[in-house]
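Undergrad: below: sequence and its predicted model.
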Amino acid sequence: MKTWLITGCSSGIGKGIAKAVLESGDQAIVTARNKGKVMDIVEAYPETALAVSLDVCSQDSIKNAVKEAYDKFGTIDVLVNNAGYGYRSAVEEGEIEAVQTLYQTNLFGPIELIKAVLPKMREQKSGYILNVTSIAAARSAVGSGYYASSKAALELLTNGLMKELAPLGIKAMVVQPGAFRTRFYDGESLQGTKAQIGDYEAVVGKSRPGNFENKHQQAGDPDKAGKVIVDVVHNDDLPEILTLGKAAVTAVKSTLEAKIAELDKWAEVSASCDYEEGK
């Protein structure tokens, strides 16, 4: 039996993971900024689930959540950094305080949680850290530069982390979802700049919050994603990046192929920067 600490469980993939964990017989600390939003999960599994309020932007909140987890279950075997949100803005329009809060939620909060659970994972010489990013980390889109960069940073951080932890018996993995039927485009989950510049309206305008309707027809099923993630951990065979969704696989593959083609095209120019052999 494993004990999971999962952030952002009030809806979407976080909730899907929490349900799959508990259905499998494992234990879960299910978190949200307001734990009242996850009590329905705990009520269905009162012996193996614990609801905790967690604001990943607050170090005190992080420390308290980890303490409650250890007090209840004595261990955290799997950390899932899932909490996050989107921000739509042309790069020039980005409001620095809003961007800093975005990074605090999508990158620095997960880092603090990783640092909070690693001491005991190192002590027990086992554990799993799963960082949920987005296919935006593989290829950004108009108006999504800040969001994509926060997720790309988390991916590269995880890439280094997994190499550091491998000799210690701890595994790390990136979970890279495509479009799922979640609340990502609703309410606080998708924010946008107030400093809008007219010259960008034709390019960025249609992607701004309120300028499109979320019809909740995305192909991705959060519950199926949760089950896949739990199965991968239970099988103890983790890829570096677990891309979720058929369309996501297609998008990431085409992006990587285009990058390889460009690298090949410019390879001779790139090589011309080296010293000549023998010098």
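TA: The structure has been received and is ready for your questions.
Undergrad: now the end-to-end length of stretch 138-148.
TA: 8 Å (C-alpha to C-alpha, to the nearest Å).
Undergrad: and stretch 46-65, by the same measure?
TA: For stretch 46-65, the end-to-end distance is 18 Å (C-alpha to C-alpha).
Undergrad: number of nearby residues for His193?
TA: Let me fix one detail, which is that residue 193 is Thr and not His. 22 (other C-beta atoms under 10 Å). For the C-beta atoms, the positions are set from N, CA and C on the backbone; glycine is no exception.
Undergrad: could you check the pLDDT of the closest residue to it other than its chain neighbours?
TA: Excluding the flanking residues, the one nearest Thr193 by C-beta to C-beta, 6 or more residues apart in numbering is Ser89, at 3.7 Å. Note for Ser89: predicted pLDDT of 94.
Undergrad: what's near enough to touch Ser89?
TA: Glu95, Ala98, Gly143, Gly145, Tyr146, Gly192, Thr193, Ala195, Val204 (C-beta atoms under 8 Å, 6 or more residues apart in numbering).
Undergrad: so of these, which ones are in helices?
TA: Judged by DSSP state H, the contacts of Ser89 include Ala98, Gly145, Tyr146, Val204 as members of helices.
Undergrad: closest to Ala271 out of those residues?
TA: Ala271 lies nearest to Gly145 out of the ones in helices among the contacts of Ser89, by C-beta to C-beta, at 30.3 Å.
Undergrad: re the thing from before, list buried residues within the contacts of Ser89.
TA: Neighbour-count burial (16 or more other C-beta atoms under 10 Å) applied to the contacts of Ser89 gives Glu95, Ala98, Gly143, Gly145, Tyr146, Gly192, Thr193, Val204.
Undergrad: nearest to Gly127 among those?
TA: Among the buried ones among the contacts of Ser89, and counting by C-beta to C-beta, the member closest to Gly127 is Tyr146, at 30.9 Å.
Undergrad: coming back round to it: can you add distance to Ile13 and pLDDT and give the buried ones among the contacts of Ser89 back as JSON lines?
TA: Formatted as JSON lines, these follow (distance: C-beta to C-beta, whole Å; pLDDT from 0 to 100):
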{"residue": "Glu95", "distance to Ile13": "27", "pLDDT": "96"}
{"residue": "Ala98", "distance to Ile13": "24", "pLDDT": "96"}
{"residue": "Gly143", "distance to Ile13": "22", "pLDDT": "92"}
{"residue": "Gly145", "distance to Ile13": "23", "pLDDT": "96"}
{"residue": "Tyr146", "distance to Ile13": "21", "pLDDT": "96"}
{"residue": "Gly192", "distance to Ile13": "22", "pLDDT": "86"}
{"residue": "Thr193", "distance to Ile13": "26", "pLDDT": "89"}
{"residue": "Val204", "distance to Ile13": "26", "pLDDT": "90"}
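Undergrad: beta-bridge partners for the residue positioned nearest the centre of the chain, please?
TA: Centroid-nearest residue in the chain: Val132, 2.2 Å away (criterion: C-alpha atoms, centre = their mean). Note on Val132: beta-bridge partners by DSSP bridges are Val175.
Undergrad: shaky segments in the protein?
TA: For the chain, the stretches with pLDDT under 70 are 180-188, 210-217, 219.
Undergrad: now the strands for it?
TA: Secondary structure of the chain (DSSP state E): strands at 3-6, 27-32, 49-53, 78-81, 86-88, 127-132, 170-177, 190-192, 241-244.
Undergrad: circling back: which of the ones in helices among the contacts of Ser89 sit farthest apart?
TA: Most distant of the ones in helices among the contacts of Ser89, by C-beta to C-beta, are Ala98 and Val204, 15.2 Å apart.
Undergrad: now do the helices in the chain.
TA: So, for the chain - with DSSP H - the helices run 12-23, 39-44, 59-73, 96-103, 109-124, 145-165, 201-204, 222-235, 246-265, 267-271.
Undergrad: reformat those helices as TSV; add distance to Val52.
TA: Compiled in TSV, the helices of the chain are given as follows (distance: least, C-beta to C-beta, whole Å):
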stretch	distance to Val52
helix 12-23	12
helix 39-44	10
helix 59-73	5
helix 96-103	22
helix 109-124	12
helix 145-165	22
helix 201-204	37
helix 222-235	19
helix 246-265	30
helix 267-271	50
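Undergrad: just say which of these is most tucked in.
TA: Among the helices of the chain, the stretch with the highest mean neighbour count (mean count of other C-beta atoms under 10 Å) is helix 12-23, at a mean of 25.
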